[in-house]
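>>> sharing a model prediction with you, sequence too.
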Amino acid sequence: MAGNNPTSTEYIQHHLQNMTFGLHPEHGWSLAHSAEEASEMGFWAIHVDTMLWSIGLGVIFLYLFRLVAKRASTGVPTGLQNFVEMMVEFVDGSVRETFHGKSRMIAPLSLTIFCWIFLMNLMDLVPVDFLPMLAQKVGAWFGADPAHVYFKVVPTTDVNATFGMSLSVFALIIFYSIRTKGVSGFIAELTLHPFSTPNKFAQALLIPINFLLEAVTLLAKPVSLALRLFGNLYAGELIFILIAMIGLWQLPLHFPWAVFHILIITLQAFIFMMLTIVYLSMATEEQH
Amino acid sequence: MNLNLTLIGQAIAFAVFVWFCMKYVWPPVMQALQERQKKIADGLDAASRATRDLELAQEKADETLKESKEQAQQILEQANKRASQIVEEARETARAEGERIIEGARSEIDQEINRAKEELRAQVSLLAVAGAERILESSIDEAKHRELVDKLAAEL
């Protein structure tokens, strides 16, 4: 636990604070020692723990899959290759069902999204105190005050990580829309829809309304993608933290919640992947 | 929950991962999968073809067997026919031979009988002369009565 006998609020806040390295107006480039300092850093700060875990997990994912891809044989598959092929076929099937355009990118993109998000979510099942406490011990060993060593293990409970992905997907949506329909087609889709009339004057009046509606629809996609994942994982993490605070009775509570969470983390990874495919397939369709 | 540089870092990491996956993970796995699919399809194809071949071969074998049975039957019939023919011929030959032998024997017997008759006739004439000599107790001139006696004998 953080420091000497922290209150419940302090304990929770400590758990929900990222390890932030950034440009503080007073201290310059440094690790934030408190939530206030972290928020004072503004945009020029980076969450070290989020980056570390997400990249680490991504590398593990790619390493495992690359290992199999290198020795992929057409004979009888064994062990890890079975698993990888199962994942690849599952994703490929999902993409084929939903996405009818032609793209070499969409299936690997979906695979990466699913596996990466699943692995990042999986960190939620590590008991909430293990890794932060380890980080505090290491921090103390380096001479830092353990109370100020923040370490958040689950990258998907960091809104930056989820938005990082959903905004990338958003960029792809726009890219595919423009590639399929052209710039004018894309703009037409935003402005001449859903209300249209043959009357030129009435149409001119309808354009702002259409644009408002379509812009909200478009912008809602990345926002909902990011916030859905973030919200689910953040809430799950919070409940784990709350369960961890009640002392001896946490075990019978922790276990069912963890079991239930296995469902949530898989489902959220799947939903993110599916919605990405759906959004991109909508972007590549000519007219809707 | 503050948006900051992490966002961009995450987006970059995400892009790199997707690129790597697209470049080095997806194609080999998919290729292996497709190749295996093809191999299995080929295997199934070959299996069904082999089954069909087997059926054909069996049919052919059956047909050949039937044919050879028929042929054997034919040969057997021919042989039987030939055999009875041979037996018939042999019987015919034997009968002819027998008849010939009987004929020969019969003509020999006839000859034998004729010769015996001749001899008997000669003896009878001698006997008759001798008998007549005894009866008459007189010598008859053999030369004188020969003609008479011969005539007598020829009448026997």
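Nice, thanks for sending it over. Numbers count the residues shown, from 1 in each chain, chains lettered A, B, ... in the order given.
>>> make it CA atoms for all contacts and neighbour counts henceforth
Fine.
>>> kindly report the residues of the stretch 51-200 of chain A close to chain B.
With the criterion set to C-alpha under 8 Å from any C-alpha of the partner chain, the stretch 51-200 of chain A comes near chain B through A:51, A:54-55, A:58-59, A:62, A:65-66, A:68-70, A:72-75, A:85, A:88, A:104-105, A:108-109, A:112, A:158-161, A:163-165, A:167-168.
>>> around residue 11, count how many other residues there are.
Reading this off chain A. 18 (other C-alpha atoms under 10 Å in any protein chain shown).
>>> the chain in question should be chain B.
Quick note: B:A11 (other C-alpha under 10 Å) scores 22 neighbours.
>>> next: A:I243.
Other residues within reach of A:I243 by the criterion other C-alpha under 10 Å amount to 19.
>>> so it is in contact with A:Q250, correct?
Yes - with contact taken as C-alpha atoms under 8 Å, A:I243 and A:Q250 are classed as touching, separated by 5.5 Å.
>>> determine the longest helix present in the chain.
In the absence of a named chain, this looks at chain A. Here the longest helix in chain A is taken by residue count, with DSSP state H as the criterion, and it is helix A:200-245.
>>> my question was about chain B, not that one.
Using DSSP H to define each element, chain B has its longest helix at helix B:26-136.
>>> give me the residues contacting whatever helix or strand comes next after it.
If you walk from helix B:26-136 toward the C-terminus, the next helix or strand you reach (DSSP states H and E) is helix B:142-155. Outside of helix B:142-155, the residues that reach it under the criterion C-alpha atoms under 8 Å, 6 or more residues apart in numbering or on different chains are B:121-122, B:124-125, B:128-129.
>>> need those residues in JSON lines (columns: pLDDT, neighbour count and distance to chain A).
JSON lines is the format used below for the contacts of helix B:142-155 (pLDDT from 0 to 100; neighbours: other C-alpha atoms under 10 Å in any protein chain shown; distance: C-alpha to the nearest C-alpha, whole Å):
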{"residue": "B:R121", "pLDDT": "87", "neighbour count": "17", "distance to chain A": "123"}
{"residue": "B:A122", "pLDDT": "86", "neighbour count": "15", "distance to chain A": "124"}
{"residue": "B:V124", "pLDDT": "84", "neighbour count": "20", "distance to chain A": "127"}
{"residue": "B:S125", "pLDDT": "83", "neighbour count": "20", "distance to chain A": "129"}
{"residue": "B:A128", "pLDDT": "83", "neighbour count": "16", "distance to chain A": "133"}
{"residue": "B:V129", "pLDDT": "81", "neighbour count": "19", "distance to chain A": "135"}
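>>> may I see the residues you listed arranged in TSV, with distance to A:Q268 as well?
Formatted as TSV, these follow (distance: C-alpha to C-alpha, whole Å):
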residue	distance to A:Q268
B:R121	152
B:A122	154
B:V124	155
B:S125	158
B:A128	161
B:V129	164
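>>> between these, which is nearest A:L238?
Checking the contacts of helix B:142-155 against A:L238 by C-alpha to C-alpha gives B:R121 as the nearest, at 165.2 Å.
>>> what's the closest non-adjacent residue to that closest one?
In space, B:R121 comes closest to B:A153 once its chain neighbours are excluded; the distance is 6.3 Å by C-alpha to C-alpha, 6 or more residues apart in numbering or on different chains.
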